[in-house]
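Student: Please find the sequence and the predicted model below.
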Amino acid sequence: MSVGEPSLASEGAGAGSSEPSPPRGRVVFFGSGEFGRPALERLARRGRVALVVSQPPRRAGRGQAMQPTPIAAMARSLGIPLLESADVGAGPDAARIRETPADAFVVIAFGQKLPQGLLRDRFAINLHGSILPRWRGAAPIQRAVMEGDRIVGASVIALAERMDAGEIFAIAETQRGESETAGELHDRLSLFGPDLIERVLDERSRGALRGRAQDEAEATRARKLSRDDAWVDFSWAAERVAARINGLSPWPGCDATIDGEPIRLLRARAVTAGASAAEAVRADVAGVGEVAGAARSIGSGASIGAAPGAFDDRF
């Protein structure tokens, strides 16, 4: 798959201050999810991270033990100062962040909105998992796959009052694989983060960064997914069914019943253009038997990997 070279350009709002300027090149990294791990690792290796801010530990897994976020765990392993905060706008946490000697904020899959008081006189950027302004919101990668987008990517933007609406500084594009799931694309797009973030920071330090406003007419929303979205309509064309299944994988998955057996569909591939998935199921589902972990051809419509009861809530 080919990866487009990101286009970079000029710093937007966020520069300038009446206070003494913090040291150039050091950042406060705000992140919680896996999407930010590659960028954090690169920045840390370059000695550019003054502080990591992440969400507090939460209960996870079968034993419901308290677990740190992936970013918090990485910060500890790298020996980087860490602040786990449920509210970065609160007095003590906000004060620590503001007092940290850094002139830029990098925000990736953090899970909180940064208040304007915290952002004052700081250059703040966000890595977002779509080619903005398409798919603003909480689930850009899943929605891109569910809608069958062939060209996907990641954007680095300025933080703005409206979600994901800031100036665009850099974009990397790539072609999505035919049966690539949202989980797989999530991991692949995260690898664009280190180069995109570092190049934007470096361009800014040289005074060469240029940004461009997003076209509001092209903006689309990426509504957050829930377990209520774990369904598919087999009367749709095969391509649409496959796109939804892949976009919902690994979480929340796509629930279905075939021959009376409940299954969770985790991958699909449309085989014959225009074929009805409902016709495909009727044609080939009889006598399937055990389907756990198997890849099956359901008529001429889709090849589907299914696992009864399988569930992965890490994504």
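Tutor: Yes, it's here.

Student: What are the boundaries of the strands in the stretch 151-300 of the chain?
Tutor: In the stretch 151-300 of the chain, the segments counted as strands under DSSP state E, counting those that start in this stretch are 151-158, 168-175, 221-222, 254-258, 261-270, 294-298.

Student: Where does pLDDT dip in the chain?
Tutor: In the predicted model of the chain, residues 1-24, 272-315 satisfy pLDDT under 70.

Student: again, only using 90
Tutor: Across the chain, the stretches falling below the confidence threshold (pLDDT under 90) are 1-25, 59-64, 234, 257-260, 269-315.

Student: Out of the strands of the stretch 151-300 of the chain, which is closest to Ala39?
Tutor: The closest approach between Ala39 and any of those, judged by CB to CB, belongs to strand 151-158 at 9.9 Å. To be clear about C-beta, it is placed using only N, CA and C from the backbone, and glycine gets the same treatment.

Student: quick one, what contacts Pro140?
Tutor: Contact partners of Pro140, counting by CB atoms under 8 Å, 6 or more residues apart in numbering, are His128, Gly129, Ser130, Ala222.

Student: Just read off the phi/psi values of the residue lying closest to Arg221 once chain neighbours are set aside.
Tutor: Nearest in space to Arg221, with sequence neighbours left out and distances taken as CB to CB, 6 or more residues apart in numbering, is Gly137 at 5.1 Å. With angles defined as degrees, to the nearest 10, Gly137 sits at phi 130, psi -170.

Student: right, and Gly137 touches Ala165 too?
Tutor: No: at 10.8 Å, Gly137 and Ala165 do not qualify as touching, with contact defined as CB atoms under 8 Å.

Student: Spit out the contact partners of the closest residue to Glu147 other than its chain neighbours.
Tutor: With CB to CB, 6+ apart as the measure, Ala243 is the residue that lies nearest to Glu147, at 6.8 Å, once sequence neighbours are left out. Residues touching Ala243, when contacts are defined by CB under 8 Å, 6+ apart, comprise Val145, Met146, Glu147, Gly148.

Student: Was I right to think the second one contacts Ser249?
Tutor: Read that as Met146. No: taking contacts as CB under 8 Å, Met146 lies outside contact range of Ser249: 10.3 Å.
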